[in-house]
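[1] no FASTA, just this:
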């Protein structure tokens with residue numbers, strides 16, 4: 001359904017290092033660098049995630065939105081979470097099953113350096 005998702009960041013260099021680490025833990029790769037913007041995509045080429053430098057950035061706290069990145073395994077979700085925490089994220093939901101979404105849904109949530117809520121999730125067929 002989605003071709004790409006884009007968010008603003010207050011420090012492009014800091015966020016690039018952060019997303020290189022956490023998206024790399026999920027097997028996603030850097031796609032494109034342009035002045036003021038950087039992107040990543042999955043190895044299969046589906047979907048692109050962009051960050052864009054914004055000097056006047058305001059990220060609302062807990063307004064219900066977040067971005068979920070696909071993981072190939074529970075181990076990748078765990079690696080995402082640990083990498084994110086070491087890279088400066090704030091934990092917002094440790095890795096674990098989320099049966100309220102689906103019996104096989106395994107996810108972890110963090111707040112990136114600007115406060116964007118991001119998730120890694122793995123959901124094998126039931």
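    That came through, no problem. It should be emphasised that the depicted structure is a prediction, and the values quoted were computed from it without experimental measurement.

[2] Show the end-to-end separation of stretch 45-59, please.
    Here the two ends of stretch 45-59 are set 28 Å apart, with distance taken as C-alpha to C-alpha, to the nearest Å.

[3] buried sites along it?
    By neighbour count, with 16 or more other C-beta atoms under 10 Å as the criterion, the buried positions of stretch 45-59 are 47-54, 59. Using the backbone N, CA and C atoms, a C-beta is placed for each residue, glycine as well.

[4] now swap in stretch 58-69 and tell me
    Those would be 59, 69, for stretch 58-69 by 16+ other C-beta under 10 Å.

[5] Beyond whichever helix or strand residue 107 is part of, next helix or strand please.
    Per DSSP states H and E, residue 107 falls inside strand 106-111. Counting by DSSP H and E, the next helix or strand C-terminal to strand 106-111 is strand 117-122.

[6] correct me, but residue 19 touches residue 38?
    Yes. Counting by C-beta atoms under 8 Å, residue 19 touches residue 38, with 7.4 Å between them.

[7] Overlap of the contact sets of the two?
    Counting by C-beta atoms under 8 Å, 6 or more residues apart in numbering, the common neighbours of residue 19 and residue 38 are residue 51.

[8] So these two - more neighbours on which side?
    Neighbours were counted for residue 19 and for residue 38 using other C-beta atoms under 10 Å; residue 19 has more, 26 against 21.
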